[in-house]
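[1] what follows is a predicted structure for the sequence shown.
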Amino acid sequence: MLISILNPAANGFNEAGARDRLYKAAGGHLIAPRFLVDKSSWATSNFSSADYQFHDEPARGHKINNVEESVRRKFLFKEKPHLEVDYSKGYINKAFTPRRRDGELFTHEIYQMTPAQLIYHINAYRHKARRAGKRMNIFDDSAVKERGNTLKNWELWYLNISQYEIYRHDDPIIDKLLHNLAMLPVTDSKQLSGGTQLKLKLTYSDDLNGLWKPMRFTRDTETLINHYYFSDYERHTAEIAAFHLDRVFGFRRSPPISGRILNITADIKRYASDRFRKTMFYSPVGNLCFYGKCSYYCDSNHAICGHPDWIEGSVAAFLPEDDFAPREHRRNPWRRSYSRYRKAVWETEPDYCDGVKQTPPFNSGRVLIDLIDLHIFDFIQGNMDRHHYEVYDFPEDWKNDTIPVLLDNGRGWGKMYRDEISILVPLQQCCQVRYSTLQKLILFDEGPYKLSKLLDYSTSKDPLYPILVGGHLPAVDRRVKIILKELQKCISDHGWKKVVIDDGF
Ligand SMILES: Nc1ncnc2c1ncn2[C@@H]1O[C@H](COP(=O)(O)OP(=O)(O)OP(=O)(O)O)[C@@H](O)[C@H]1O
Ligand SMILES: [Mn+2]
């Protein structure tokens, strides 16, 4: 008995299951993360967990029918007054107040919408007016004609990857693909060489490939404050949350990513090379563990263990192989130094952006405002690890007129109560933002649903829901406000015209 108390695993205790039960017992409401928080990791910021809990959140599925309700909700969220975006000052008022002529994003109807409808609405926004991007055309027409309706889900997805989006806003295949990633039998798995942490390339019964990253610890475990971002563990939930954040924003720059539970014996050990198999062992309580080969945390002290051999992870659908559609790794000008002793130039040089603005490819087209979108996305998830980003350099005539593909988000969502302002430095230094991104931020702040609500709804489709627990959801609403505050400062300093760039996207 004593042993089973001291050692939860011996008791068949399953932390994820316990959390689910807790969650359900609370009627699906988020529970205060009091018992999870290590106060030593709190930031010097003014926030405390108590201010950002959901209090009387309407039950899930509750439909908000009128504006009053949304105002009432504002009080329920107990926002700190000093964080309020000031929508009332002079021309900033004009700039920040959603107007009818701003297009279809702010309509009367959004107050009648369910979260699902609003997410669809954000994704459909401007798709008619926008320049249509060219498709990748990785299958030639004859192959498509020949196989017609026998194309697999992932092939249908590939057909619609285009210059400006990884999937179409109305493509019904994406939800099917997410389901495939979670459910189809695995027919092969290989440890992927390269990269810092252990990951597997899965093959499914329909030949779809996926990049799988394991769960290392529970969802409420926060990053150790003395860990640098480059040695931080990756989180499977961070990968899943990033896909949903990208989708809620209507960017559609991330491949589909889903939760996936594997059986270590049947899905990993069976296909493992001898070398990999040698890193497998049974833990003292009989769980099957492995650690593989990689440059961080691939040793027996950092093994990944099953329960007893089931394990959660995230899986990203593989983008088309490099032979068809090569991607180019681009260095992020605001990358961190990845040294414990040196600072990066942008950290000490306030005019750093002026130089970047004159340097190709950032001196023309969409590249710079895409990068600012990317840092807004990273700020919301607290991801400091954006050293490179990837773009398709195919077909050649896309040149720089294409999106950054959002991959490798495993190091986000490490901190609930600390907002890493330095991720916003490109925005602060360049003082530019894409118009539609600004509109979406205002919508998330003001609209019928907070970003947290939309994100929680979107992730609820994942088999491993809840993905974001404790303070993570309230954190995204706080961060939206911080971004809006920064933009408001930019607009006061430089004027609307210089700051807000409307490129039709
Ligand atoms: N969905 C995907 N489809 C195809 N390739 C992918 C996909 N996701 C990631 N990759 C590729 O796999 C490689 C490793 O992935 P990822 O960056 O997520 O892992 P990592 O361990 O963090 O690597 P690194 O340490 O180099 O940042 C990257 O080079 C990336 O281009
Ligand atoms: Mn990485």
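    That came through, no problem. Ligands and ions are numbered 1, 2, ... in the order given.

[2] enumerate the residues of the stretch 51-200 of the chain near ligand 1.
    Within reach of ligand 1 by CB under 6 Å from any ligand atom, the stretch 51-200 of the chain has these residues: 195, 196, 197, 199. In this view, the C-beta of every residue, glycine as well, is placed from N, C-alpha and C.

[3] am I right that the first one is in a strand?
    Put plainly, it is residue 195. No: using DSSP: H, G, I helix; E, B strand; the rest coil, the secondary structure at residue 195 is coil, not a strand.

[4] okay, it: pLDDT?
    According to the per-residue confidence, residue 195 scores 71 in pLDDT.

[5] show me which residues of this structure are close to ligand 1?
    Taking CB under 6 Å from any ligand atom as the criterion, the neighbours of ligand 1 within the chain are 195-197, 199, 211, 255, 316, 318-319, 390, 407-408, 410.

[6] buried subset of those residues?
    Neighbour-count burial (16 or more other CB atoms under 10 Å) applied to the residues of the chain next to ligand 1 gives 196, 197, 199, 211, 255, 316, 318, 319, 390, 407, 408, 410.

[7] just the ones in strands from those, please.
    211, 316, 390 (DSSP state E).

[8] from the chain's centre, how far out does the top helix by length along the chain sit?
    For the chain, the helix reaching the highest residue count under DSSP state H is reported as helix 472-494. The chain centroid and the centroid of helix 472-494 are separated by 18 Å, computed with CA atoms, centre = their mean, to the nearest Å.

[9] same thing with stretch 197-204?
    Going by CA atoms, centre = their mean, where stretch 197-204 is centred and where its chain is centred differ by 19 Å.

[10] now what about that stretch, what contacts it?
    Stretch 197-204 is contacted by residues 180-181, 184-192, 209-214, 233-234, 260, 267-268, 291-294, 296-298, 304, 315, 318, 410 when judged by CB atoms under 8 Å, 6 or more residues apart in numbering.

[11] those residues in strands, which ones?
    With DSSP E as the criterion, strands contain 186-191, 209-214, 304, 315 from among those.

[12] do you know the pLDDT at residue 212?
    Confidence for residue 212, expressed as pLDDT, is 98.

[13] quick check: bridge partners of it?
    Under DSSP bridges, the beta-bridge partners of residue 212 are residue 200, residue 315.

[14] my guess is it contacts residue 311, does it?
    No: with contacts defined as CB atoms under 8 Å, residue 212 does not count as touching residue 311, sitting 9.9 Å away.

[15] shared neighbours, these two?
    Taking CB under 8 Å, 6+ apart as the contact criterion, the residues that touch both residue 212 and residue 311 are residue 262.

[16] how about the contacts made by the residue in the stretch 151-300 of the chain that ligand 1 sits nearest to?
    Of the residues in the stretch 151-300 of the chain, the one nearest ligand 1 is residue 195, at a distance of 2.8 Å by CB to the nearest ligand atom. Counting by CB under 8 Å, 6+ apart, residue 195 touches residue 294.

[17] per-residue pLDDT, the residue of the stretch 401-505 of the chain found nearest ligand 1?
    Ranked by CB to the nearest ligand atom, the top residue of the stretch 401-505 of the chain for proximity to ligand 1 is residue 408, at 3.3 Å. Residue 408 is assigned a pLDDT of 94 by the prediction.

[18] list the contacts of it.
    Listed by CB under 8 Å, 6+ apart, the contact partners of residue 408 are residue 385.

[19] check residue 104 too.
    Neighbour list for residue 104: 125, 126 [criterion: CB under 8 Å, 6+ apart].

[20] same check on residue 304?
    Remark: with contacts taken as CB under 8 Å, 6+ apart, residue 304 is in contact with 198, 214, 215, 216, 289, 290, 291, 311.

[21] now do 10 Å
    Under the criterion of CB atoms under 10 Å, 6 or more residues apart in numbering, the contact partners of residue 304 comprise 198, 214-216, 264, 268, 279, 288-292, 297-298, 311, 313.

[22] got it, and residue 135?
    Counting by CB under 10 Å, 6+ apart, residue 135 touches 158, 159, 160, 161, 162, 163, 168, 395.

[23] roughly how far does it sit from ligand 1?
    Taking CB to the nearest ligand atom, to the nearest Å as the measure, residue 135 falls 18 Å from ligand 1.

[24] show me what that residue is bridged to.
    Beta-bridge pairing of residue 135 under DSSP bridges involves residue 162.

[25] pLDDT at it, what is it?
    At residue 135, pLDDT is 87.

[26] go on, the one 5 residues further on?
    As predicted, residue 140 sits at a pLDDT of 70.

[27] what about it, neighbour count?
    9 (other CB atoms under 10 Å).

[28] coming back round to it: what's the closest of the ones in strands among the buried ones among the residues of the chain next to ligand 1 to residue 228?
    Ranking those by separation from residue 228, with CB to CB as the measure, puts residue 390 on top at 23.0 Å.

[29] by neighbour count, which of the contacts of residue 304 wins?
    Counting neighbours by other CB under 10 Å, residue 268 leads the contacts of residue 304 with 28 neighbours.

[30] ok so, going back, any idea of the mean pLDDT for the first helix or strand past the longest helix of the chain going along the chain?
    Reading on from helix 472-494 to the C-terminus, the next helix or strand found by DSSP states H and E is helix 496-499. In this model, helix 496-499 carries a mean pLDDT of 90.

[31] for helix 496-499, packing partners?
    In this structure, helix 496-499 packs against helix 90-96, helix 435-446, helix 472-494, with contacts taken as 3 or more CB pairs under 10 Å, 6 or more residues apart in numbering; DSSP states H and E.

[32] make JSON lines from the ones you listed and add mean neighbour count and distance to residue 131 to it.
    What follows is these, written out as JSON lines (neighbours: other CB atoms under 10 Å; distance: least, CB to CB, whole Å):
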{"stretch": "helix 90-96", "mean neighbour count": "15", "distance to residue 131": "25"}
{"stretch": "helix 435-446", "mean neighbour count": "22", "distance to residue 131": "14"}
{"stretch": "helix 472-494", "mean neighbour count": "21", "distance to residue 131": "25"}
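
[33] out of those, which gets nearest to residue 248?
    Go through the helices and strands packed on helix 496-499 one by one with CB to CB and the one that ends up closest to residue 248 is helix 435-446, at 8.4 Å.

[34] can you give me how far that closest one is from the chain middle?
    Helix 435-446 has its average C-alpha position 17 Å from the chain's average C-alpha position, going by CA atoms, centre = their mean.

[35] can you name the next helix or strand after that helix?
    helix 451-459.

[36] the stretch 201-350 of the chain: helices as residue ranges?
    Listed in chain order, the helices of the stretch 201-350 of the chain (DSSP state H, counting those that start in this stretch) span residues 236-248, 274-277, 345-348.

[37] so for residue 399, which of these sits nearest?
    Among the helices of the stretch 201-350 of the chain, helix 236-248 comes nearest to residue 399, with 23.3 Å by CB to CB.
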